[in-house]
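**Q** My questions concern the predicted model and sequence given below.
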Amino acid sequence: MKLSWKVVAFMLFLFHSTNHISLAQQQGNDEADDEAEKQPTIPKGQEHCKGIFIWYNFISRTKEFPRLKNTITQSWAFKSRVTILNMGTSELQAWKIFIGFQYKEILVSAKGAVLTSGVDFPAPVGNGTYLSGYPQTDLETSIDTANELDKIQVKVELRGTQFGLKPPGNPMPKTIKLANDGYKCPSPTRRTSMYVCCVKDPKLKANKTTKTKFFPRQKGDLLISYDVSQAYKNNYLAQVTIENRHPLGRLDHWNLTWEWMRGEFINSLKGAYVRKVDISGCLNGKVGEYYGDMDFSKVLNCEKKPILFDLPPEKADDAQMGKIPFCCRNGTLLPETMDSTKSKSAFVIEVFKIPPDLNRTTIYPPHKWKIVGDLNPDYRCGAPIRVEPAQSPDPTGVEAVKYAIASWQIVCNISRPTKGNSRCCVTFSAYYNKSAIPCDTCACGCEDTAKCNPNKPAMLLPPEALLVPFENRSVKAKAWAQIQHFKVPKPLPCGDNCGVSINWHVSSDYKQGWAARLTLFNWKSINFENWFTAVQFKKAGSGYERMFSFNATILKELNNTIFIQGIEGMNYLIGKKNGSDPENDPDVPGKQQSVVTFKKSGKTWPDIAKGDGFPTKVLFNGEECALPSRIPVSTGIRFSVSLSLLFLCKFVSFLLIQRLN
């Protein structure tokens, strides 16, 4: 069959037109799908939220290994998603949410957020946890962005492990809420998902100061500032400043670590140094590809989680490593109550970046900050928050103020040690009881329990046994138990394993007052320079009168806490001295001792024999020490009972004699 050229041309025209229309329709459908995909699927009835809308969607879970019949102990791998959407008229800065997990969850990852506590994954979150945004820390408004969802909304993908609640149970959290100050959240709605609308608290007074786009600076026990002073296309300079703001907090030989989130590396440092000069992370991967011609032998550190430490004082005037104000103090941060001139530390860091962050304004601070000392409080650090640029005097000396390019603040607060996780402990003794009460069993943890019992209470000791190491106390403890008719457990209780122990001995009690003796024992090999301790009482602290051999001040604003430090010449608590023979010549701890006197007042009259003479909290260099679970009992009570029995016996004897007569 032959077709004329006109028919062929007409058919080609129809085919082209139909195909063009189909492509146009398909393109229109794709655009509609994209537009629909960008729109948030808000639960029905919640589109009128005028604040921050949060909803939690449980996606799936699968049974993990090992497979167990017991529902409570069976573990499940779960996936869920949390969406935070700003539906209000105010920008949400440094967003933070709380998720009330309740099934012994272990969070493995959180894409789009970090744990506010700064701990690493995997992290146990069975009692709930706080999440902070990263890298998107702020949520702008729909008005200011023409409803651009990438700027007003963030989705956090969660992965982890949970226990119990077999299918078809719905393993939802107890609650979800916004944790930012100034917002009020009702109880969440629970259906196939969980959601809540948090609005600004109407009772909160509006800030009358000038409105800025920065988050207000926070208060905390330890404040870290990350201030960018110079910025270039592929690198920048930042000063890190650490300030001790707690009246009893302290750090010695601090080690600071964080995690780079976008491939950054440390090119140089002044005022501090890294524990490992390691460039292996730069030679491979994106860093090596982009900086192909760079001499990495001069680079300081390429670790994702570097560890930095302070320099000794002799480096303070070193042109290469020092010349930074507040640097080079050997890692010591004293409380302001002790020495305000030594409560701050600082160093300068040169950071190099990699694509796609190659412009002056794209700067991301590191996350997961953590700082530790030799024997100091446990500091928990939050996520960095963007704050108003730091101010400093102009280096030229003229009366001008220099602003940082950008500033972030990291707030760290002291966490009270849990049972068995202390680093120092307290022993009690008194003039009215022959036995000394040692530190609790495993007060500072127990690693080896093969030859001892970690669950038995510590055995009472003769006072002189506190002077010898725990491994040399067994003979004395068993001999003392035999003399005093105490039961000897088998196996014997484990030791306390504490680096520092403090003995509080009530030495006298009289009508106008009472006295005690404080003794410090250093069982570690390191020396403690400019040490301090603090004791707090329930009733007797306000009666503090005088301390001999040590300097002491009563801090009334801290519940009448007595702040104690060594005088010049006695402010150095030396480490233990190793003996030549563990059995016959044991180790000798570093020791210092002083006597303290108290007055008795009418308002807070303490009963020393009933335990008011023993502190309720003791700290050493900022670390809260573990207290014994019991106190010495007065033998006077036993003596009074003996007199009563004796009188009764005599009275009965008298009656019998009279009857016989």
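**A** Structure's in. What do you need?
**Q** Report the mean per-residue pLDDT for stretch 270-281.
**A** Averaged over stretch 270-281, pLDDT sits at 96.
**Q** which residues sit against it?
**A** Contacts with stretch 270-281, where a contact means CB atoms under 8 Å, 6 or more residues apart in numbering, come from 240, 255-256, 265-266, 287, 296-297, 299-304, 306-311, 320-324, 326-328, 346-349. Where you see a C-beta, it was placed from the backbone N, CA and C, and this is true even at glycine.
**Q** just stretch 125-134 next, same as before
**A** Residues contacting stretch 125-134 (CB under 8 Å, 6+ apart): 82, 84, 94-107, 110, 112-117, 123, 139, 154, 156, 160, 173-174, 179, 261, 367, 382-383.
**Q** out of those residues, which are buried?
**A** 82, 84, 94-107, 110, 112-117, 139, 154, 156, 160, 173, 179, 367, 382-383 (16 or more other CB atoms under 10 Å).
**Q** Return the subset of the contacts of stretch 125-134 lying in helices.
**A** Using DSSP state H to define helices, no part of those is located there.
**Q** What ranges does the stretch 401-550 of the chain have for its helices?
**A** 474-484 (DSSP state H, counting those that start in this stretch).
**Q** now the strands for it?
**A** 401-403, 406-415, 424-430, 433-437, 500-509, 513-522, 528-529, 532-536, 544-547, 550-555 (DSSP state E, counting those that start in this stretch).
**Q** Run the chain-centre distance for the fifth one.
**A** The gap between where strand 500-509 is centred and where its chain is centred comes out at 31 Å by CA atoms, centre = their mean, to the nearest Å.
**Q** Quick one: residues contacting residue 171.
**A** Here residue 171 is in contact with 58, 61, 76, 78, 103, 162, 165 (criterion: CB under 8 Å, 6+ apart).
**Q** so where's the chain uncertain?
**A** For the chain, the stretches flagged by pLDDT under 70 are 1-42, 45, 205-213, 580-584, 602-604, 635-661.
**Q** how's it carved up into domains?
**A** According to the TED database, the chain comprises the domains 52-200, 222-414, 424-445+453-625.
**Q** and for stretch 328-343, what are the contacting residues?
**A** Residues from elsewhere that reach stretch 328-343, judged by CB under 8 Å, 6+ apart: 222, 242-255, 271, 309-316, 322, 344-345, 373, 529-530, 532, 553, 555, 563, 565, 622.
**Q** would JSON lines of the domains of the chain with distance to residue 46 be doable?
**A** Formatted as JSON lines, these follow (distance: least, CB to CB, whole Å):
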{"stretch": "domain 52-200", "distance to residue 46": "6"}
{"stretch": "domain 222-414", "distance to residue 46": "28"}
{"stretch": "domain 424-445+453-625", "distance to residue 46": "45"}
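**Q** mind listing which of the buried ones among the contacts of stretch 125-134 are in strands?
**A** 82, 84, 96-99, 106-107, 110, 113-115, 154, 156, 160, 367 (DSSP state E).
**Q** The helix or strand hosting residue 240 pairs with which strands, parallel or anti?
**A** Assigned by DSSP states H and E, residue 240 belongs to strand 235-244. Each strand paired with strand 235-244, and its direction, by DSSP bridges: strand 222-231 (antiparallel), strand 344-352 (antiparallel).
**Q** Now do it against strand 406-415, angle only.
**A** 30 degrees (axes from the mean of the first three to the mean of the last three CA atoms, to 10 degrees).
**Q** gap between the residue nearest in space to the middle of the chain and residue 575?
**A** The centroid of the chain falls nearest to residue 380 when counting by CA atoms, centre = their mean (1.7 Å). Using CB to CB, to the nearest Å, residue 380 is found at 29 Å from residue 575.
**Q** now the end-to-end length of stretch 574-589.
**A** 8 Å (CA to CA, to the nearest Å).
**Q** now stretch 419-437
**A** Span of stretch 419-437 from end to end, CA to CA: 18 Å.
**Q** Make sure residue 58 is indeed in a strand.
**A** Yes: with DSSP: H, G, I helix; E, B strand; the rest coil as the criterion, residue 58 is assigned to a strand.
**Q** Show me where the stretch 151-300 of the chain has its helices.
**A** 280-283, 286-290.
**Q** Buried residues, the last one. List them.
**A** For helix 286-290, the buried set under the neighbour-count rule, 16+ other CB under 10 Å, comprises 287, 288.
**Q** from the middle of its chain, how far away would that helix be?
**A** 35 Å.
**Q** go on, the first one?
**A** Mean-position distance between helix 280-283 and its chain equals 31 Å (CA atoms, centre = their mean).
**Q** same deal with stretch 407-426?
**A** For stretch 407-426, the distance to the chain centre is 5 Å (CA atoms, centre = their mean).
**Q** who's in contact with residue 631?
**A** By CB under 8 Å, 6+ apart, the contact list for residue 631 reads 428, 437, 611, 614.
**Q** now, the most widely separated pair of the residues you listed?
**A** Using CB to CB, the pair of the contacts of residue 631 lying farthest apart is 437 and 611, separated by 11.5 Å.
**Q** so how far is residue 75 from residue 66?
**A** 8 Å.
**Q** And the two? Which one has more around it.
**A** residue 75 (18 against 8; other CB atoms under 10 Å).
**Q** I'd like the distance between the nearest residue to that one once chain neighbours are set aside and residue 251.
**A** Sequence neighbours aside, residue 64 is the residue nearest to residue 75 in space, at 4.3 Å (criterion: CB to CB, 6 or more residues apart in numbering). Between residue 64 and residue 251 the computed distance is 40 Å (CB to CB).
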